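# what follows is a predicted structure for the sequence shown.
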Amino acid sequence: MALFQLAADSDTAADDATLREENRRLRKVCQALMERVESGSSPSNAPYAAFERSVLLAEQVRERTDALHRTLDELSQVNARLLAANAEAEAANLSKTKFLAAVSHDLLQPLNAARLFASALETHALPEASQALVGHIGRSLKDVEGLLGTLVDISRLDAGVLHADKAPFAVSTLLDALAEEYRQVAAVRGLTLHYVPSSVVVDSDLALLARVVRNFLSNAVRYTEQGHLLLGCRRRANGLEIMVGDTGPGIPEPQRQAIFLEFRRANQSQSSHSRGLGLGLAIVDRISTMLEHPVTLASQLGYGSLFSVLIPYAAPSTGASSVAYAQKSWPESERWQHNPLQGCVIWVIDDDPAIIEGMQALLGSWGCRVRAAATVSALEAASDGERPAVLLVDYHLGDHRENGIDLAARLRRRYPGLATVVITANHEAALKRATREAGMHCLLKPLKPLRLKMLLGALLESHA
Amino acid sequence: MTIAPKNSGIQTAASNQLNPFQAARELAQQLGHEHLGFVLFFCSAEYRLEELATALDGAFDKVPMSGCTTAGEITPQGYDRGSVVAIGFDRRVFAIETALINDLEHFDLSRAQPLVDSLLERCRQQAVAPVNEHSFVLTLLDGLSSREEQVLATLDAALGRIPSFGGSAGDDNHLAHTHVYANGQFHTRAAVVVMINTRLPFEVFSTHHLEPLAHKLVVTNADRERRRVLELNGLPAAEVYAALVNCHVDALSPSIFAQHPLAVYIGGQHYIRSIQRVNEDASLTFYCAVETGIVLTAMRPAPLLLDLEVMLQRVQQRLGATPTIIGCDCFLRRMALESLQQLDQASSLLRHARVVGFNTYGEQHHGMHVNQTFTGVAFGALPTSGG
């Protein structure tokens, strides 16, 4: 090693001074090297150390980084596959929801017609055995309709197409009718319904809130073996609490969350009575979330359960002119003993011949004089210049035609003040609002004969 | 000026105009087109830099640019001086994002990582090519900042496996003011990081032509802050070096330094530590970090032209017939060529290999600050389906 090659020349004259100098330099070199060796083992921020580290680590780090990146690549591939699988599952779920909504909707049409026919048939003079059979058919259809309605609701809620249409209404509008209906249902099962009326005005979506309370009542009836049911309200600081209580078996604490999920029932042993899908409280959960009406459940095993939903009060200034108010007088069915429908002229416009036929049969059985057609011109041709008392019009009259609201508006220019009911399978809040703003009424398919009859009665009364 | 194939995505141009505005206009005429996405330039330090910045900004209207001053340019015609050379990148083939590091003193990993992440993300958004495996980094550093090692080591740690290379800005051997250009102006004590993401195949390379001799010199006293070696083997550094290269201390000059380099030997490789100048106190200032106790090996140049030719051939074999190359060439190599009167031959080699670039005060390769190398990136042609 030629480290001291420069000094080597002076070796020949190896005098004292040279050797001392050589010695001094060697010591210096030794010291520098020791310093370097020692500092090399401690972490340092010095520039040369950074360079040296870069050199030494370059290869090593690159290898490890490569290994790490390979692992990360594999992970991200796995992750990508999982994401793809998840997206597929979501897409499948969405398409299932859409499919369910579409199928349910398509089933409603023929079911609607079947219900109309069955109701019409009931009014015919039939042998007693046949009468009983017709009754069974009617009830079976009603069950199918209920189940289908539940499916439609849940699929619409899941698909996000159902929107709240909040308006002020007196809570009695809703609860009086429900109390009447469930008092009879409860009586069939040997239960009594205790109803505490209230006239408080609340702000909610009447139809959606009705589903919530109806589901509470159905559950109460279904699970209560004996005793009584309670339907009532309590004024709270932040809203009106509608409560449905029962003297059923109660719901064990661990199940109180789960019963709000789909297809769950608290007590499977009583399945003999239940014809539901176990979707009732799942629907309650979705609707109450959408309406922002909190639902609470109190229950004591062996004593009963109390379901309640909290609805905000309506702002005091809101006008009392809404259609919901007008409907307040519906359930007073006793007044219809004299049958205001008798002999009145009702026009029906629908593009489905089966519906037209069904409506003719049903309305005819109530004593109405029915003129039904697919178009206005056909209708007027058939009506001999008679002025109609009520117009029933299908909202969706085919792809290339005006909708039911526009058609009705056109007719009303010719017959001012013509009472109009728009019938639609479209559950969107916007449509309901549009009919209300046009001063018309709206009924949803499947059409419930009793509800139609009550609405017609109310309309004819008010125009009388 | 260049005859690049249509689908290369790279165009090169140069101007000898001393007037900054005329020079900028000439470059813009050669490079300007609707898909021009980025311009990289290297300019002589002789230019009035403020005017040049204004001129380039005006001539290239909103096209992002980065660059630095040089110790000599490599234009499409070969070695040149007093000129400006520029490279235009097509945004259909390149996604290029830049960041300026103003505070070299405090550039630590906590700053480096977000900087790199942000560059990668911005490239990714342009969706030109996958970011992994299709990106590299070009660094341009102020060549007189004495902070290259720490900044590069930190940046390299943040870059992970993304290759990087670059050069330290020069100033025609005045050793006074070196500048990097970013965000519309020239900066000192700063670094520019250029993230280049491309559909083109590329290769980052580094070569030198030096061989070790038997002589070893131990640094017995060094001033690390100023990159000065005060003593070698216990004697004043300049005296020892002068004796080694067999000349008088007063005769030591950059061309001597170029012909008689020193290197450190780490991990089985020699890394050149180039001498910048001799000081009054017989100490030696280096272009890179030094430390007491390091062992310097005397090196001897092998034929530079042969090494260059072999390297260029290797790159051509790997990337195809006519790659475009951006080169950072140590100015000491150029001095060596000048003293050997081989500059024209070297220019011819560079011209044929389609090299553009500049002479540096130090090169950067994979986070290492090195000297007396030819370091750069070679681009292949787009796969034919892309044309």
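Received, thanks.
# what about residue 21, neighbour count?
No chain was given, so I picked chain A. A:Glu21 has 15 neighbours, counted by other Cβ atoms under 10 Å in any protein chain shown. (Each C-beta comes from the backbone N, C-alpha and C, glycine too.)
# sorry, should have said chain B
15.
# helix or strand for the residue nearest to it when sequence neighbours are not counted, which one?
Spatial nearest neighbour of B:Phe21, excluding adjacent residues (Cβ to Cβ, 6 or more residues apart in numbering or on different chains): B:Ala55 at 4.4 Å. Using DSSP states H and E, B:Ala55 sits in helix B:49-59.
# after that helix, next one along is what?
Counting by DSSP H and E, what follows helix B:49-59 is strand B:65-70.
# sort out which residues of the helix or strand following that following strand are buried, please.
Using DSSP H and E, the helix or strand that follows strand B:65-70 in sequence is strand B:73-75. Using 16 or more other Cβ atoms under 10 Å in any protein chain shown as the test for burial, strand B:73-75 gives B:Glu73, B:Ile74, B:Thr75.
# burial check on the residue in the stretch 1-150 of chain B positioned nearest to chain A, number of neighbours?
Here the stretch 1-150 of chain B gets closest to chain A at one residue, B:Glu149, 4.2 Å apart by Cβ to the nearest Cβ. Neighbours of B:Glu149 under the rule other Cβ under 10 Å: 25.
# repeat that for the one 3 residues further on.
Burial of B:Leu152, expressed as a neighbour count using other Cβ under 10 Å, amounts to 27.
# for residue 211, helix, strand, or coil?
Picked chain A for this. helix (DSSP: H, G, I helix; E, B strand; the rest coil).
# was after chain B, sorry
B:Glu211 ends up strand, using three-state DSSP.
# list the contacts for it?
By Cβ atoms under 8 Å, 6 or more residues apart in numbering or on different chains, B:Glu211 lies in contact with B:Met299, B:Arg300, B:Pro301, B:Ala302.
# what are the buried residues along the longest helix belonging to chain B?
When chain B is parsed with DSSP state H, its longest helix is helix B:109-126. Buried positions in helix B:109-126, judged by neighbour count with 16+ other Cβ under 10 Å: B:Ala112, B:Gln113, B:Leu115, B:Val116, B:Leu119, B:Leu120, B:Arg122, B:Cys123, B:Arg124.
# ok, now stretch A:48-59?
Neighbour-count burial for stretch A:48-59 flags A:Tyr48, A:Ala49, A:Ala50, A:Phe51, A:Glu52, A:Arg53, A:Ser54, A:Val55, A:Leu57, A:Ala58 (criterion: 16+ other Cβ under 10 Å).
# chain center to it: distance?
Taking Cα atoms, centre = their mean, to the nearest Å, the mean C-alpha location of stretch A:48-59 is offset from the chain mean by 63 Å.
# show me what contacts residue 79?
Using chain A. A:Asn79 makes no contacts at all, as judged by Cβ under 8 Å, 6+ apart.
# think we crossed wires, I meant chain B
B:Tyr79 neighbours (Cβ under 8 Å, 6+ apart): B:Gly72, B:Glu73, B:Arg334, B:Leu337, B:Leu343, B:Ala346, B:Ser347, B:Leu350, B:Asn359.
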